[in-house]
Structures are given as structure tokens and as C-alpha cells.
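[1] Here is my input; please provide its structure:
(one chain, ligands or ions: 1)
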Amino acid sequence: MIRDLADDEARRALRLKWGTIPEGVLPAWVAEMDYAVAEPITEALHRAIDDGVTGYPRFEHGGELGAAYSRFARRHFGHAVDPDLVLPTVDVTAGVRLALDVLSEPGPMVMPVPAYSPQLAIAEITGRERVDLVVDPDAARAGIDLDRLDRLFRDGARTLLLTQPHNPWGRVFSREELEGVRDVLTRHGGRVVSDEIHAPLVLPGAEHTPYLSLDGTADHAVAVVAASKAFNIAGLKCAQVVCGDEATRDRLWRVPMARNDSWSSLGVVGSVAAYEYGDPWLAALLERLDSQRSLLADLLAEHLPDARMRPLEATYLAWLDLRAYGHDDPAAVCLEKGRVQLSAGADYAPGLDGHVRLNIATSPDRLTEIVRRMALAL
Ligand SMILES: Cc1ncc(COP(=O)(O)O)c(C=O)c1O
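    Prediction:
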């Protein structure tokens, strides 16, 4: 069911990931998968194009998108979401920005770091100070230090930007960890924006707990979700803000239209098809990613034995500590000497040397060649 794109197909389909790098370089950077889009999605999109669905989407909360997401959340996470508390937005980053802008007090925003790089700037562009909660690169397990979180809120922080499952940590937070976060937040009356874009990509062995599924979170949190990462449809431009209560939904819905009006009709079509009919494809994807993560572990043991990788519990993005190989910027070395495009670790954790993020959502052959080239380069 998972069809690997041939190189020429991938160059045509993935305009950024494959289309902006020199011929002969293997791309393992931006978070897109080298797989053909699931058939229920392409069929729905073809139908929509034939029907001329190229005008404005319906400006509504709930609707078919809310209903489709609500059913998906119940099936996959056992989470009861009121469809009418689901609002469309153009993409997850815009949804996070909207939530911060509209819901959060102007005080500092806590950002666990390393973090998804474009969101490192999001506090500043909403007029807030960013305070980093940095994970020690030598820690055996990446986690949120609750004592430090408590101190930051005691010192004036007002919002936590939570990413869970986490990119690039690869972590799925346990219910207990999330309850600890909730307890800190409620103690200080803070807000949480929970970026859960990677929730459908939890790999065998772990389980996603939506932050809003915890008691006592409805009035201080929103989740921002999308079908885009798990189904390779980021370019269709549609994400969803899930609210915990009507008051929050109304505050977001009443903003002037210019602040949130630009999700796309085809994005709604693609997202509804993914949520309603994408389960078999998603199951096959998770199987493939599970075997890719095992393959990566084997390849690292064979070719890059001094690389450190914490267990990859979710996503297709592996965070590799390559400090043992002695390069400040191993991504640059791998590009120059190995013709492999990785993401530089310092993009996610400013000032951190020796790390890269490697995208494993490709074919086994390509992943093998990527690691082989990295080993030669390093
Ligand atoms: C944690 C996280 N949030 C958001 C995004 C981007 O989502 P969007 O393109 O919908 O803004 C990514 C992309 O990889 C991500 O990893």
C-alpha cells in the first residue's frame, strides 16, 4: 500500500524536498515522505477538481472537517472531541501563532529546545519573549524538566508551546509526564498551545495522549493538529485548532477575518478524505516507518557506531548526536563530502554543535545509501 516514489517522480512531486537540491544529492531533510499520496486522498482531490472546487472554503467551525477530525481522534486516541470545537486554519504554524496571539497574555513563552525550527521565531513575531527549556544533549532521555518549568512560570512565563509527539526529540510523552505539565500550568494559571501535528505518527510501542484529554486542561489549552505530516499533504494548506471549551472557541472565532481566513478548499477535501478513509494506508505507513527505524539502528551500528540516537517513539525524523565524529556542522560535511542533504542540528537548537536530523521516510535502499554516504563523509 505504501508506494515508493522513483527519483524523477519525487522530484516532480516534492518541490521543496527534492526540487531544490542539486542532482545526485540524496534528500533527507524537510519533513515530507518519499511515498505516493494515499489513494482515497488523490481520488477525493481528483473529484474535487472535476467538480471545480477551487473557490473559497466554507468559513465555519465544526462542519465536515470538525466531524471527520472528531471521528479520527476517537478511533486513534480514544479522545472525545466535540466537532464544533474544531476550527480550521491554514497550517499548524499559523494555528500556533493565532492561538498565542489571541489567547495568551503578553508574557514570555516557554519553548522546549531543541524545537521545530520555524517555531523558534514565533514568540518574537507575536511580541513575546521566548524562554528556552533546553534538554541536556547528554541526557539519556529527552524530557520536560518540571522543576525548571515551574521556575520559569514563577518568574513570569505565561504560555508553554508544547510539541507532542516531539519533533525533533522523537518522544511521545506519557500521561504522567503530561499530568505533571498540567499541574505546573494550573498552579500558575498559564496557557498551553499543544502542537500535535505528529500524533498520527506514533510508532508501535508508544501511545499518544492528547493534552486536552487530561482532566483540567479544557480551559487553558488548545491543540493544533493536521493530517498534513502523516499523509504528505502539507501543500494543501489546512490544519485545525481544537479547543477545550466554547469560550475559547468563541474567542478564536470572533477574531477579524484577516487574522485567520486562508485555509484552502482542497485542503479541507484532502484532510477529510485522510481522516475518514486513510486508516488502512496509515497503518501500512506505520509498519513501514517501524521497519525503517529498525533499519536505521542496524545501519548506524554498522557504519556509524559512535552516533547516539535516543529511541525514536514517533515521527520519521531521527535526531542524531554525531559529536563523536568531531565536526561542528556534520550536516554541512555530509552535504559537501557525502552528497546527502540533512537538517543541521543548530537550526533546532541554536548553538548546539554536532547534531543532525535525518528523515527516514524513504525507501530502505535510499536510507541505506544515505547512511553509507554519511559514514564516508564523516
Ligand atoms: C512540530 C511541527 N509543527 C509544525 C510543523 C509544520 O506544520 P505546518 O506546515 O502545518 O505549519 C512541523 C513540520 O514538520 C512540525 O514538525
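[2] Can you point out the buried residues in stretch 207-227?
    208-214, 217-218, 220-227 (16 or more other Cβ atoms under 10 Å). Placement of C-beta: from N, CA and C, glycine included.
[3] For residue 285, grab the count of nearby residues.
    23 (other Cβ atoms under 10 Å).
[4] ok, now which ones touch residue 304?
    Counting by Cβ atoms under 8 Å, 6 or more residues apart in numbering, residue 304 makes contact with 322, 325, 371, 374, 375, 378.
[5] oh sorry, the question was meant for residue 196
    Contacts of residue 196 (Cβ under 8 Å, 6+ apart): 164, 165, 208, 210, 211, 223, 224, 225.
[6] Need phi/psi at the first one.
    Right, residue 164. Here is the backbone geometry of residue 164 (degrees, to the nearest 10): phi -150, psi 130.
[7] what's around it, how many residues?
    Neighbours of residue 164 using other Cβ under 10 Å come to 26.
[8] What is the most widely separated pair among the contacts of residue 196?
    Spatially, the most separated pair among these is 208 and 224, at 14.4 Å (Cβ to Cβ).
[9] Among the contacts of residue 196, which one lies nearest to residue 307?
    Closest to residue 307, out of all of the contacts of residue 196 and judged by Cβ to Cβ, is residue 165, at 21.6 Å.
[10] which bits of the stretch 1-150 of the chain sit near the ligand?
    Contact residues, the stretch 1-150 of the chain versus the ligand (Cβ under 6 Å from any ligand atom): 31, 91, 92, 93, 116.
[11] and residue 337, that one's in a helix?
    Yes: judged by DSSP: H, G, I helix; E, B strand; the rest coil, residue 337 forms part of a helix.
[12] isn't it right up against residue 375?
    No: in this structure, residue 337 is not within contact of residue 375 by Cβ atoms under 8 Å, at 10.8 Å.
[13] Pick out whichever of those two has more residues nearby.
    residue 375 (18 against 13).
[14] returning to what we had before: what would the residues of the stretch 1-150 of the chain next to the ligand look like in TSV with pLDDT and neighbour count?
    Listed next are these as TSV, based on pLDDT from 0 to 100; neighbours: other Cβ atoms under 10 Å:
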residue	pLDDT	neighbour count
31	98	22
91	98	22
92	98	25
93	97	18
116	96	24
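[15] quick revisit: just among the contacts of residue 304, which is most surrounded?
    Ranking the contacts of residue 304 using other Cβ under 10 Å puts residue 374 first, with 29 neighbours.
[16] Leaving out sequence neighbours, find the closest residue to that residue.
    Setting aside the residues directly before and after it, residue 374 is nearest to residue 334 in space (Cβ to Cβ, 6 or more residues apart in numbering), at 5.1 Å.
[17] Surely that neighbour and residue 344 touch.
    No: taking contacts as Cβ under 8 Å, residue 334 lies outside contact range of residue 344: 9.8 Å.
[18] Between these two, which contacts overlap?
    residue 356.
[19] Neighbour count: those two, which is higher?
    residue 334 (28 against 21).
[20] Now for the more buried one, which secondary structure element holds it?
    helix 330-338 (DSSP states H and E).
[21] which helices and strands sit right next to that helix?
    Helices and strands touching helix 330-338, by 3 or more Cβ pairs under 8 Å, 6 or more residues apart in numbering; DSSP states H and E, are strand 340-341, strand 343-344, strand 355-359, helix 364-377.
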